[in-house]
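Q: Below are the sequence and a predicted model for it; my questions follow.
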Amino acid sequence: MHDSSDFPFDETLSVLKSQLPANLQSPRVGIICGSGLSGLASSLKDSVLISYEKLPGFVQSTVPGHKSILAFGLIGDVPVVAMLGRFHPYEGHKLSSVVYPVRVMARMGVKYLIVTNAAGALNPNLAVGTIVVIQDHIALPNLTGMNPLLGPQISDTYSRFIPLSDAYSRHLRRLLFLSAHNLLLPSNALAEGVYAWVSGPTYETAAEGRFLRAAGADVVGMSTVPEVLTAREEGMEVMVLSLVTNMVVIPDGYRSVREEVEAELAGKLTNPVLDEVVSHEEVLALGKEKGDLMKTLVEKTIQLITA
Ligand SMILES: O=P(O)(O)O[C@@H]1C[C@H](O)[C@@H](CO)O1
């Protein structure tokens, strides 16, 4: 649970003010780059990069594929701020630290937050490489008491109870699909779905994958929901894009090891079991492959927001 010392807003904002030119001091759009997706901010115009080390209240990202840099710049004429590297609770960071950058963005004037992540597909109809536009989430950690909004409210202007039925902005999702149409993307490049948040750092067992699928989730990942809840408390409109980097292995049943051994002892041949395992390297490789597409979509959508 947080207390006010977790949020040194005045100090952070004063460092940012001292480093940024006037045209970048009030970004309208915030972007959070998921694993391997920091290239999203590679074509910002007039960019200014500030290392998290210099920012009071910011921790460091320790995960490969996440830098620890806040990037400011223009997309078209729109001033944006992008987190090149996010924080996850599994790194040992407090939830208040995980969401602190979102609170700073809000205090700089950000109205729209675009959150990206790498995720495993639970829905067998989703192919690796698909970008899933998130329409809802299932957050087992929230339901069991791991929620970044637990604790004293940090502003009198916030509602104590935040509805989440409208957490994922229909307006932004419409702009995203319009951008995809304008870019002539094939319809299977994008899908819509539900994100399941798990704490990680372990990937799911097959049984956990089946459980989350049965509960209605299409993809699963280890981030994003804390930032979304905070952005909603701060009054931002939010869109989330998940890049499917791997299929979560959820076979319907297990092949019995006992039967396999008994068959072998009886001299019968059995087919070898092919154990598929996911790795973070695979996740990062997909980010590299699809990062440009994600970047183009995000850029086009941002230009439509303020058109
Ligand atoms: O920060 P994101 O959600 O993009 O990173 C995903 C989830 C884990 O941090 C990591 C697992 O490979 O990638």
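A: In hand now; what should we look at?
Q: from here on, contacts and neighbour counts on C-alpha atoms
A: Noted.
Q: Check the spacing between the closest residue to the ligand within the stretch 51-200 of the chain and V78 real quick.
A: The nearest approach of the stretch 51-200 of the chain to the ligand comes at N117, 3.3 Å away (Cα to the nearest ligand atom). Using Cα to Cα, to the nearest Å, we find N117 at a distance of 23 Å from V78.
Q: Mind checking which of those two has more residues around it?
A: Taking other Cα atoms under 10 Å, N117 and V78 do not tie; N117 has more neighbours (25 against 20).
Q: So the residue of the stretch 51-200 of the chain closest to the ligand is in contact with M239, correct?
A: No. Assessed by Cα atoms under 8 Å, N117 is found out of contact with M239, at 11.4 Å.
Q: got a list of contacts for the lowest-mean-pLDDT helix or strand in the chain?
A: The least trusted helix or strand in the chain, going by mean pLDDT, DSSP states H and E, turns out to be helix 257-265, with a mean of 88. With Cα atoms under 8 Å, 6 or more residues apart in numbering as the test, helix 257-265 has contacts from L269, T270.
Q: For H93, give me its contacts.
A: With Cα under 8 Å, 6+ apart, H93 has these contacts: V59, F87.
Q: and it, that's in a strand?
A: No. Under DSSP: H, G, I helix; E, B strand; the rest coil, H93 falls outside any strand and is assigned coil.
Q: The ligand contacts on the stretch 201-307 of the chain?
A: G221, M222, S223, H280, V283 (Cα under 6 Å from any ligand atom).
Q: Show me which of those are buried.
A: G221, M222, S223, H280, V283 (16 or more other Cα atoms under 10 Å).
Q: Helix, strand or coil: sort out the residue of the stretch 51-200 of the chain closest to the ligand for me.
A: The three-state label given to N117 by three-state DSSP is strand.
Q: mind listing what it touches?
A: N117 neighbours (Cα under 8 Å, 6+ apart): C33, G34, S35, L37, G221, S223, T224, V240, L241, S242, L243.
Q: what do you get if the cut-off is 6 Å, keeping everything else the same?
A: By Cα atoms under 6 Å, 6 or more residues apart in numbering, the contact set of N117 is G34, S242.
Q: And F87, by the same measure?
A: Here F87 is in contact with S61, V98 (criterion: Cα under 6 Å, 6+ apart).
Q: pretty sure it belongs to a strand, no?
A: No. Counting by three-state DSSP, F87 is not part of a strand but coil.
Q: How many neighbouring residues does A121 have?
A: Per other Cα under 10 Å, the neighbour tally for A121 reads 29.
Q: isn't it right next to V249, touching?
A: No. Taking contacts as Cα atoms under 6 Å, A121 lies outside contact range of V249: 8.8 Å.
Q: Let me see the residues that make contact with stretch 235-246.
A: With contact meaning Cα under 6 Å, 6+ apart, stretch 235-246 is reached by 111-121, 128-134, 168-169, 283, 286.
Q: Helices of this structure, start to end?
A: Here the chain has its helices, by DSSP state H, at 9-19, 95-108, 140-143, 170-182, 206-214, 225-233, 257-265, 280-305.
Q: Around the ligand, pick out the residues from the stretch 1-150 of the chain.
A: With the criterion set to Cα under 6 Å from any ligand atom, the stretch 1-150 of the chain comes near the ligand through G34, S35, N117, A118.
Q: Pull up the gap between the third one and E262, please.
A: With the distance defined as Cα to Cα, N117 ends up 45 Å from E262.
Q: Over to G120?
A: G120 sits 35 Å away from E262, going by Cα to Cα.
Q: Who has more neighbours out of these two?
A: Between G120 and E262, counted using other Cα under 10 Å, the more crowded position is G120 (27 against 12).
Q: in the sheet, who's paired with that one?
A: V220, N246 (DSSP bridges).
Q: in the least confident helix or strand of the chain, what's buried?
A: E260.
Q: Contacts only, for L16.
A: Listed by Cα under 6 Å, 6+ apart, L16 has no contact partners.
Q: Go again with 10 Å.
A: The neighbours of L16, taking Cα atoms under 10 Å, 6 or more residues apart in numbering as the test, are D10, L24, Q25, I50, K54, L55, L70, V104, M108.
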